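A.B. asks: Dropping the sequence and predicted coords here.
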Amino acid sequence: MKKTREQISYNMSRVKNKDSDIELKLRAELWNRGIRYRKNATDIIGKPDIVFKGKKVAVFCDSEFFHGYDWDNRKNDIKSNRDFWIRKIERNMARDQEVNESLEADGWVVLRFWGRDIKSNCSECADLIMKTLNER
C-alpha cells in the first residue's frame, strides 16, 4: 500500500534525534558498567550522543539510513523523492566528516557506531569506548 505525503511526513516527524533505541541501548550498557557520561552536549560541535568531556571523547550513534551506511549501494534503493533524500543524506555524511575533523583538530577522539553494530554487538562497542577512555 502506497502512503500519502501526509502519512510519510507524519512518520518522518516521529523520527527521534536523541534518545533513540540504539542510543538507549549503548548508554544502558555503559551505565551498567559504572561508566558515567553526558548526553547530547549542546556546547560541543555536532552535539555528540555520548560525551566524556574530561577525556575529550565524543561518541555518535548513527542510523544507517540518515548517515549513509553502504551509501554507494543503498542510494539506489531510494524510490520516492530521490533528489531530496540523496541530497539530504549526502549532506549529513559531509557534515559528519566536518564534525569529526573539527573535533579531532581540537584534541577530541571521535567514535562513531552504526545502529546495526550497537544492536548486534553492544558490548563490543562499549569495550571500545572503555579502551579509548583508559588510553586517555
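C.D. replies: All right, it came through fine. Quick caveat: nothing in here was measured; it's all calculated off a predicted structure.
A.B. asks: Flag every buried residue along stretch 69-77.
C.D. replies: Neighbour-count burial for stretch 69-77, counted by 16 or more other C-beta atoms under 10 Å, picks out residue 69. All C-beta spots, glycine's among them, are computed from the backbone N, C-alpha and C.
A.B. asks: Mind listing residues that contact that stretch?
C.D. replies: By C-beta atoms under 8 Å, 6 or more residues apart in numbering, the surrounding residues in contact with stretch 69-77 are 62, 64, 68, 86, 89-90, 93, 114, 116.
A.B. asks: okay, it in CSV with CA atoms only?
C.D. replies: Provided in CSV are the C-alpha atoms of stretch 69-77 (Å, rounded to 0.1, in the frame of the first residue of the first chain):
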residue,chain,number,x,y,z
TYR,A,69,25.7,3.3,5.6
ASP,A,70,26.9,1.5,2.4
TRP,A,71,25.8,4.6,0.5
ASP,A,72,27.1,3.7,-2.9
ASN,A,73,24.8,0.6,-3.0
ARG,A,74,22.0,1.9,-0.8
LYS,A,75,21.2,5.2,-2.6
ASN,A,76,19.8,3.1,-5.5
ASP,A,77,17.2,1.7,-3.0
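A.B. asks: what pLDDT, on average, does that stretch get?
C.D. replies: In this model, stretch 69-77 has an average pLDDT of 90.
A.B. asks: For the closest residue to residue 107 other than its chain neighbours, what are phi and psi?
C.D. replies: Excluding its sequence neighbours, the residue lying closest to residue 107 (C-beta to C-beta, 6 or more residues apart in numbering) is residue 56, at 5.5 Å. Dihedral angles phi and psi of residue 56 (degrees, to the nearest 10) take the values phi 60, psi 50.
A.B. asks: what do you get for the one 10 residues further on?
C.D. replies: When quoted as degrees, to the nearest 10, the phi and psi of residue 66 stand at phi -70, psi -20.
A.B. asks: quick one on the thing from earlier: ok, now which ones touch the residue nearest to residue 107?
C.D. replies: 106-109, 136.
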